[in-house]
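# Make a model of this:
(chains A and B)
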Amino acid sequence: MIDIVIDITLLAFLAITSVAIVRMTNLFAIVMLFGIFSLLSAGLFVVMDAPDVAFTEAAVGAGISTVLMLATLALVKKPREPFYNEAPHAHRAWLSLVVVAVTGAALVYGTWDIPRFGDPDAPAQTHVARYYIENALPETGVPNIVTAVLASYRGFDTLGEVAVIFTAAVAVLLLIGGRRSKPAVEKKDKREQDEA
Amino acid sequence: MRPNLILQVVAKFVIPLMILFALYVQFHGDFGPGGGFQAGVIFSAAFILYSLVFGLDTAEKIIPAHWLRILAALGVVIYAGVGVASLLLGGNYLDYTLLGSNPIAGQHLGILLVELGVGITVAAAMLIMFFAFAGRGRE
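Numbers count the residues shown, from 1 in each chain, chains lettered A, B, ... in the order given. The predicted model follows:
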């Protein structure tokens, strides 16, 4: 019973937050609301007994990405006249409404076939989940099955994920890393110094 | 940056706790929720808080940028190295059973090392991204 109350409260807050994000124009407030949205999602994951996912959502979604978005805002938010004329609105509002309504209806229709939450006969639970639950502890000696699956059974996946994060860091470094480029002459001098 | 005494005192109190919590999440991930990814993010959050309160230049003195680049690569190398080590011991790539005296000890050691690699790479990568974004507006 208490679960349902918490679920409904969290989902209501999620809906309110997303409506507020859509209606707001202050970018700073929107970024903070994104963080609140992530925190509420983390709360939902805790209610659904997925603390590992909740942990990641709270740390990455509510923490780091908020900081990164604020840092980006601090970079781009310099009031200045736009150098272009905004194009007149060519689309019609009712067309978007129809698309959203049809997509939403299709998604709701799709949920009718989803098995109940925690249903033991759901396809997700009948494939390899049973093997992990029965064998993870005796085979790896790690009580947290999530860690066992992530690091041992699916070690290749996690290696790929780490490579992705490393690649992202390298890409950020290549794109905007280092100090802002100096005038060309000075830069050339510096390069010669580096080579020497 | 304008000095802010209250923020600095509170941050000095909170940052060690954050790092301690990150280490707990890192090495307790076998038993409770958490693991390398979450620990790395919390660890980097501690340093991001430090650089927000004390300034970017002070933070870069503690962790120089070239160290971060080495650390980010080191994590991937640790992870892939565990796989190579298990290859050399005669097993499959990333099959930890041969790393220890018995299969369970091997799995435990392998998971610990792999999670350590994940944590190091994630922490360093997050800090690299933050310093890259925040450092742009400095000059």
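# quick one: low-confidence ranges for chain B?
B:1-3, B:137-139 (pLDDT under 70).
# For it, just list every one of the helices.
For chain B, the helices defined by DSSP state H cover B:5-27, B:36-54, B:56-62, B:65-88, B:103-136.
# List the buried residues of the shortest one.
Residues B:Leu56, B:Ala59, B:Glu60 are the ones in helix B:56-62 that count as buried (16 or more other CB atoms under 10 Å in any protein chain shown). To be clear about C-beta, it is placed using only N, CA and C from the backbone, and glycine gets the same treatment.
# Who are the packing partners of it?
helix B:36-54, helix B:103-136 (3 or more CB pairs under 8 Å, 6 or more residues apart in numbering or on different chains; DSSP states H and E).
# Generate TSV for the ones you listed, with distance to chain A as supplementary columns.
Compiled in TSV, those are given as follows (distance: least, CB to the nearest CB, whole Å):
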stretch	distance to chain A
helix B:36-54	4
helix B:103-136	4
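# Mind putting these into CSV with mean neighbour count?
CSV is the format used below for those (neighbours: other CB atoms under 10 Å in any protein chain shown):
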stretch, mean neighbour count
helix B:36-54, 24
helix B:103-136, 23
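# Turn those helices into CSV, columns for distance to B:Ala73.
Compiled in CSV, those are given as follows (distance: least, CB to CB, whole Å):
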stretch, distance to B:Ala73
helix B:36-54, 14
helix B:103-136, 8
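# who wins for proximity to A:Gly43 among those?
Closest of those to A:Gly43 is helix B:36-54, at 16.1 Å (criterion: CB to CB).
# Looking at the buried residues of helix B:56-62, which is nearest A:Thr147?
B:Ala59 (30.8 Å).
# OK, contacts around that closest one?
For B:Ala59, the contact set (CB atoms under 8 Å, 6 or more residues apart in numbering or on different chains) comprises B:Phe47, B:Tyr50, B:Ser51, B:Phe131.
# Determine which two of those residues are furthest apart.
Longest distance between any two of the contacts of B:Ala59 is 11.9 Å, between B:Tyr50 and B:Phe131; criterion CB to CB.
# Give me the number of neighbouring residues for the residue nearest to B:Ile128 when sequence neighbours are not counted.
Nearest residue to B:Ile128, sequence neighbours excluded (CB to CB, 6 or more residues apart in numbering or on different chains): A:Ala169, at 4.5 Å. Counted by other CB atoms under 10 Å in any protein chain shown, the residues lying close to A:Ala169 total 24.
# A:Ala169 sits in which helix or strand?
Using DSSP states H and E, A:Ala169 falls within helix A:155-176.
# Relative to B:Gln107, how far out is B:Gln90?
Just so we're on the same page, residue B:90 is Gly rather than Gln. 16 Å (CB to CB, to the nearest Å).
# for A:Met1, same thing?
41 Å.
# before we move on, what about B:Leu99?
B:Leu99 is 8 Å from B:Gln107, by CB to CB.
# need the contact list for the residue nearest to B:Glu60 when sequence neighbours are not counted.
Spatial nearest neighbour of B:Glu60, chain neighbours left out: B:Phe131 (6.8 Å); criterion: CB to CB, 6+ apart. Neighbour list for B:Phe131: B:Ser51, B:Leu56, B:Ala59, B:Glu60, B:Ala65, B:Leu68 [criterion: CB under 8 Å, 6+ apart].
# any idea how far B:Pro103 is from the first one?
To tie it back to what came earlier, the one meant is B:Ser51. B:Ser51 is 44 Å from B:Pro103, by CB to CB.
# what about chain A, any weak spots by pLDDT?
Within chain A, the ranges that satisfy pLDDT under 70 run A:77-83, A:91, A:178-196.
# any idea how far A:Val164 is from the residue nearest the centre of chain A?
Centroid check for chain A by CA atoms, centre = their mean gives A:Gly61 as the closest residue, at 5.6 Å. Noted for A:Gly61: a distance of 17 Å to A:Val164, by CB to CB.
# What about B:Asn92, how many residues nearby?
11.
# Contact partners for it?
With CB under 8 Å, 6+ apart, B:Asn92 has these contacts: B:Ser86.
# Quick check: the gap between it and chain A.
Distance, B:Asn92 to chain A, by CB to the nearest CB, to the nearest Å: 10 Å.
# Please report how far that residue lies from A:Gly155.
Counting by CB to CB, the gap from B:Asn92 to A:Gly155 is 10 Å.
# next one: A:Gly104
39 Å.
# Which of the two has more residues huddled nearby?
Ranked by neighbour count (other CB under 10 Å), A:Gly104 and A:Gly155 place A:Gly155 first, with 22 against 10.
# can I assume the more buried one is in contact with B:Gly83?
Yes. A:Gly155 is within contact range of B:Gly83, at 7.5 Å (criterion: CB atoms under 8 Å).
# Need the residues that contact stretch A:55-66.
Contact with stretch A:55-66 is made by A:31-32, A:34-39, A:41-42, A:45, B:25, B:33-34, B:37-38, B:41-42, B:44-45, B:48, B:126, B:130, as judged by CB under 8 Å, 6+ apart.
# all helices for chain A, in order.
Using DSSP H, helices in chain A cover A:2-23, A:27-47, A:51-56, A:65-76, A:93-111, A:123-126, A:129-140, A:145-148, A:155-176, A:184-195.
# will you turn the ones you listed into TSV that also has distance to B:Gly135?
As requested, the helices of chain A are exported to TSV (distance: least, CB to CB, whole Å):
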stretch	distance to B:Gly135
helix A:2-23	28
helix A:27-47	19
helix A:51-56	26
helix A:65-76	9
helix A:93-111	39
helix A:123-126	44
helix A:129-140	42
helix A:145-148	35
helix A:155-176	8
helix A:184-195	17
